[in-house]
Structure formats: structure tokens, C-alpha cells
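K.L.:
Here is a sequence with its predicted model. Questions after.
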Amino acid sequence: MSLLMTTIPAGHGKALRLKAGQTVRLINTHGTQVVDCWAWNTHDLDEHMSMEASRVWSQRLNPIIGDSFVSNYRNPILTLVEDTSPGIHDTFMAACDCHRYRRLGVEGYHRNCLDNMFEGLAEIGLTAPRPILASFNIFMNIAVQADGRSLKTAPTPGRAGDYISLRADMDCVVAFSACPQDIVPIQGGAANIPRDAHYGVIEDSFPAIPPSQPWVP
């Protein structure tokens, strides 16, 4: 399948509109990049993808193929329909923001995912009603430890060319940030350097994926 690819520049954000049934494929081009993701109902930007509600919906800490992400109104908004990566993603960690980098000792401005969210939306003429720190952190490696309580941050185990595909369950706006984090070692590779990622839109309806579990919260 040949897709027209759009670059998410390292440390920056991009956004796109999807019609219900379209699918966006996000590619970890270099295999080392964490990408934050948000989504909103095109017709009501007060309705947005919710990590808290999605964990309740799927009964999982991290999604598998067939899992839907739901909105703050509990409506399915995106469904994971493909994943060629090791399947390690994160729904817990807040998107980085200027306050995080200040806490990390950065003086002056540091690019961050929250500002990238607004940057991507502004490019397509939109403004989010409010900041959303709870992003879906694609390819991010946050492991629950043996005590069942603690979390450990580690570099992404992604491989060059890994991708995930997210099908729109409603008309929606999706924003991505190629995370600019270069202090905490989350990016793959010893250098911890943010890199470009890419996405493309699959116009045809994606083959039906059965729900990952029948329980409806």
C-alpha cells in the first residue's frame, strides 16, 4: 500500500482531520522516537480522547489490536487496528510541558509536547478548548514494576519502520507530537535525540477488527 506521507519534524507537532472510517498510520521512521497523540470530535472539540476513560473501557494499561480509545463522553473515537511494533506504548505519563522542563533544570524555553499539540492544531486552523496533559504516548516504554505500584521509564524498544494504525470511529481531529524530550532517556538509542516521525492516511475502510473484549463499562 502506497501512502502519501507527512513528516512530523523532530520536536514539533502536526495535526490532521479524519472522517469516520479513515485510518491514520503512524511510522516510527528511525525506530527511536516517542510520539504523543490526542484526538477530538470534529464537531465538538469539548469531546476529546481520554486515557482515563479508555483504560476503564479496555480494562488494560496499554492497548492491543482491537482496543478502542474512548472520549471523555465514553464514545469510541479511535481504534488500534495495526501494530507492527513490540506493542509497548503508554497511557499513564502526562505530556511534557514547559513546567516539566523547568523542574528538570532547563533555563529558558524548551520545546514540549503540550505546546506541540497547540502548534499542530494551529496549522489546520483550530484551537483546543483546553490543555490536555493526558496523551496516548505511542512507542513510549513505561513498565509497571514487580511490586505492582511503581513505574519505570526506559528508552523505547522500537525498530526503524515500526508503525501503528488508528481507525477513526467518528469524524475526528488527531494531533501528534514527536516528543522533544532529550533529558529523561525515553528516546531509543544512546544519544536520546528526538527524530522525525511520519504519518499517512488510509482512505479505504480498514477491515473490521473484532473488539478485543466484550465487556462494556
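P.N.:
Perfect, thanks for sending it. Quick caveat, the model's predicted, so the values are computed rather than measured. Numbering: from 1, shown residues only.

K.L.:
who touches Leu104 in this structure?
P.N.:
Residues near Leu104 by Cβ atoms under 8 Å, 6 or more residues apart in numbering: Ile183, Val184. Placement of C-beta: from N, CA and C, glycine included.

K.L.:
With Cys96 as the reference, measure out to it.
P.N.:
From Leu104 across to Cys96, the span is 9 Å (Cβ to Cβ, to the nearest Å).

K.L.:
do the same with Met5
P.N.:
Taking Cβ to Cβ, one finds Met5 at 25 Å from Cys96.

K.L.:
partners of the strand or helix carrying Ser177 in the sheet?
P.N.:
Ser177 is part of strand 172-178 when elements are defined by DSSP states H and E. Strand 172-178 pairs in its sheet with strand 13-18 (antiparallel), strand 35-41 (antiparallel), by DSSP bridges.

K.L.:
orientation of the following helix or strand past the first one relative to strand 35-41 in degrees?
P.N.:
Following strand 13-18 in sequence order, the next helix or strand is strand 23-28 (DSSP H and E). Angular relation of strand 23-28 and strand 35-41 on a 0 to 180 degree scale: 160 degrees, by axes from the mean of the first three to the mean of the last three Cα atoms, to 10 degrees.

K.L.:
Use 750 as the first number from now on
P.N.:
New numbering, starting at 750: the last item is strand 772-777.

K.L.:
Met754 and Cys845 - which one has more neighbours?
P.N.:
Just comparing Met754 and Cys845: by other Cβ atoms under 10 Å the higher neighbour count belongs to Cys845, 28 against 12.

K.L.:
So the more buried one is in contact with Ile932, correct?
P.N.:
No. Using Cβ atoms under 8 Å, Cys845 is not in contact with Ile932, being 9.4 Å away.

K.L.:
Where is the longest helix in this structure?
P.N.:
helix 862-872 (DSSP state H).

K.L.:
which other helices and strands contact that one?
P.N.:
Applying 3 or more Cβ pairs under 8 Å, 6 or more residues apart in numbering; DSSP states H and E, we find helix 862-872 packed against strand 762-767, strand 784-790, strand 921-927.

K.L.:
how about the first one: buried residues?
P.N.:
If I follow you right, that is strand 762-767. Gly762, Lys763, Ala764, Leu765, Leu767 (16 or more other Cβ atoms under 10 Å).

K.L.:
just stretch 842-857 next, same as before
P.N.:
Neighbour count says stretch 842-857 has Met842, Ala844, Cys845, Asp846, Arg849, Tyr850 buried, by 16+ other Cβ under 10 Å.

K.L.:
Show the pLDDT at the residue positioned nearest the centre of the chain.
P.N.:
Nearest to the geometric centre of the chain sits Cys786, at 2.7 Å (Cα atoms, centre = their mean). Note for Cys786: predicted pLDDT of 99.

K.L.:
I'd guessed it sits against Ser884; true?
P.N.:
Yes. At 6.0 Å, Cys786 and Ser884 qualify as touching, with contact defined as Cβ under 8 Å.

K.L.:
Cool, thanks, talk later.
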